[in-house]
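In: Could you work out the structure for the sequence below:
(chains A and B)
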Amino acid sequence: MTLPPFERFYEQHREEIFGFLARRLGRERAEDAFQETFLRALRAYPKLKHGEHLRAWAYTIAGRIAIDEHRRPRADADLPEIAALDGRPAFAQLEHLADQLPPTERAAVVLRYGYDLDYSEIGAALGSNATAARQAASAGIRRLRQKELS
Amino acid sequence: MNAVSPELDRRFRDAAATEGLLDAAFDFVDSPIGPLLVATSTRGLCRISYDADPERELERLSRDFGVRVLRSAKPIDPARRELDEYFEGKRHTFDLPIDVARLADFNRRVLRELARVPYGEVVTYGELAARSAQPRAARAVGTVMNRNPLPIVLPCHRVVGANGKLVGYAGGLERKEKLLRLEGAIL
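Out: Coordinates of the predicted model:
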């Protein structure tokens, strides 16, 4: 699949990416994070080799920015609660570990355990559904475990 | 509701252009001869289209200039301003930088001669061929006019048949007639 013009990528994903950021950061902070997400995507876009998994890619960038935003102290904002965030860059280790996995499993593992997305969000990001996302994540984990033990 | 507001959308599109991250930007410009899709590359104005199918134009821009194509009003504003002035009769020449670098040499040479045809005057296909140092290439000149990526700014509406008939126009004869009427070239 060839890389679509950026306009199309942006139009297809802006709403759900904004929804994702707004749930994590609150609407106000989500606006800055939204702009940063798509500017970062735009910078990296010509380096992509194909047009597959763009949705997961967009979520990965947004997730990373949401984490950065959370770390940034901001006295004037009420932060919504976020689960499982202890400041440890789990996503960084996971991304490296998961490099050896097939793309869908890799995306599912990173989005689940690195970014703490729930399975319906991951399903949406991968263009499938919650069940398929759960299966891809557990297949990925199984594969990683086997690699670890072999 | 967690929806992207029009302000946020515009802010992103402006920022993308301001930071110089786009291979091409496009927007629609209203005109008396219908909405025009206007695009600019990093080098200058690169496309004006009548009756544009946005999907097809996006694909073309992406193929010709790079995948970072985005609708953005800001980079198009200078062209919008000059086109508005032209349609109000206040502007006779365009001062915008243009990008025709990817065209074949022959096309560029013909378009360069075309750009010299003054406001309100017409030239025949044969004359334009002669001025481009290809006196027998009237038909090829017709093809170049038909594929002109920048109608209005590169005034292919000022090129007519040997008998003075309007002959043809990629945007439709009605538009050609309106443009020539606006310029006072026909009554």
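In: CA atoms for contacts and neighbours, from now on please.
Out: OK.
In: show me what contacts residue 108?
Out: This is for chain A. Contact analysis of A:Ala108 by C-alpha atoms under 8 Å, 6 or more residues apart in numbering or on different chains lists A:122, A:126, A:133-134, A:136-137, A:140.
In: My question was about chain B, not that one.
Out: Shown in contact with B:Arg108 (C-alpha under 8 Å, 6+ apart): B:100-101.
In: Okay, domains of the chain per the record?
Out: No chain was given, so I picked chain A. Structural domains assigned to chain A are A:1-82, A:84-150, following automatic domain parsing.
In: oops, chain B please
Out: B:6-87, B:105-182.
In: Mean pLDDT added to the ones you listed, as CSV?
Out: Shown next, in CSV, are the domains of chain B (pLDDT from 0 to 100):
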stretch, mean pLDDT
domain B:6-87, 96
domain B:105-182, 94
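In: what would those look like in JSON lines with distance to A:Val110?
Out: Formatted as JSON lines, the domains of chain B follow (distance: least, C-alpha to C-alpha, whole Å):
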{"stretch": "domain B:6-87", "distance to A:Val110": "27"}
{"stretch": "domain B:105-182", "distance to A:Val110": "45"}
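In: where does the residue nearest the centre of chain B land in three-state SS?
Out: Nearest to the mean C-alpha position of chain B, by C-alpha atoms, centre = their mean, lies B:Leu150 at 2.2 Å. With DSSP: H, G, I helix; E, B strand; the rest coil as the basis, B:Leu150 sits in coil.
In: Distance check, it against B:Leu103.
Out: Remark: distance between B:Leu150 and B:Leu103 (C-alpha to C-alpha, to the nearest Å) = 12 Å.
In: Take the domains of chain A and lay them out in JSON lines including distance to B:Leu182 and mean pLDDT.
Out: Converted to JSON lines, the domains of chain A look like this (distance: least, C-alpha to C-alpha, whole Å; pLDDT from 0 to 100):
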{"stretch": "domain A:1-82", "distance to B:Leu182": "35", "mean pLDDT": "88"}
{"stretch": "domain A:84-150", "distance to B:Leu182": "52", "mean pLDDT": "75"}
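In: and A:Tyr119, how many neighbours?
Out: For A:Tyr119, the tally of surrounding residues (other C-alpha atoms under 10 Å in any protein chain shown) stands at 20.
In: phi, psi of the closest residue to B:Val69 other than its chain neighbours?
Out: Spatial nearest neighbour of B:Val69, excluding adjacent residues (C-alpha to C-alpha, 6 or more residues apart in numbering or on different chains): B:Ala24 at 4.8 Å. Backbone torsions of B:Ala24, given as degrees, to the nearest 10, read phi -150, psi 140.
In: who's in contact with B:Ala24?
Out: When contacts are counted by C-alpha under 8 Å, 6+ apart, B:Ala24 is found next to B:39-42, B:61-62, B:65-66, B:68-70.
In: just B:Ile152 next, same as before
Out: By C-alpha under 8 Å, 6+ apart, the contact list for B:Ile152 is empty.
In: do the one 5 residues further on as well
Out: B:His157 makes contacts with B:151, B:169, B:176, B:179-180, as judged by C-alpha under 8 Å, 6+ apart.
In: Among those, which one sits closest to chain A?
Out: Nearest to chain A among the contacts of B:His157, counting by C-alpha to the nearest C-alpha, is B:Pro151 at 23.9 Å.
In: Against B:Ala170, how distant is the closest one?
Out: Going from B:Pro151 to B:Ala170 by C-alpha to C-alpha gives 9 Å.
In: What residues does chain B have near chain A?
Out: B:2-4, B:8, B:11-12, B:15-16, B:21, B:58-59, B:62, B:66-71 (C-alpha under 8 Å from any C-alpha of the partner chain).
In: would you list every one of the helices in chain A?
Out: With DSSP state H as the criterion, chain A has helices at A:6-25, A:27-44, A:54-71, A:90-97, A:103-109, A:119-126, A:130-149.
In: winner for burial among these?
Out: Burial among the helices of chain A, expressed as mean neighbours by mean count of other C-alpha atoms under 10 Å in any protein chain shown, is greatest for helix A:103-109, which shows a mean of 24.
In: so A:Ala137 makes contact with A:Val109?
Out: Yes - between A:Ala137 and A:Val109 there is a contact under C-alpha atoms under 8 Å: 4.8 Å.
In: Nearest residue to the residue most central in space within chain A in space, please, no chain neighbours.
Out: For chain A, the residue nearest the mean C-alpha position is A:Thr60 (2.6 Å; C-alpha atoms, centre = their mean). Leaving aside its sequence neighbours, A:Thr60 sits nearest to A:Leu111 (C-alpha to C-alpha, 6+ apart; 7.0 Å).
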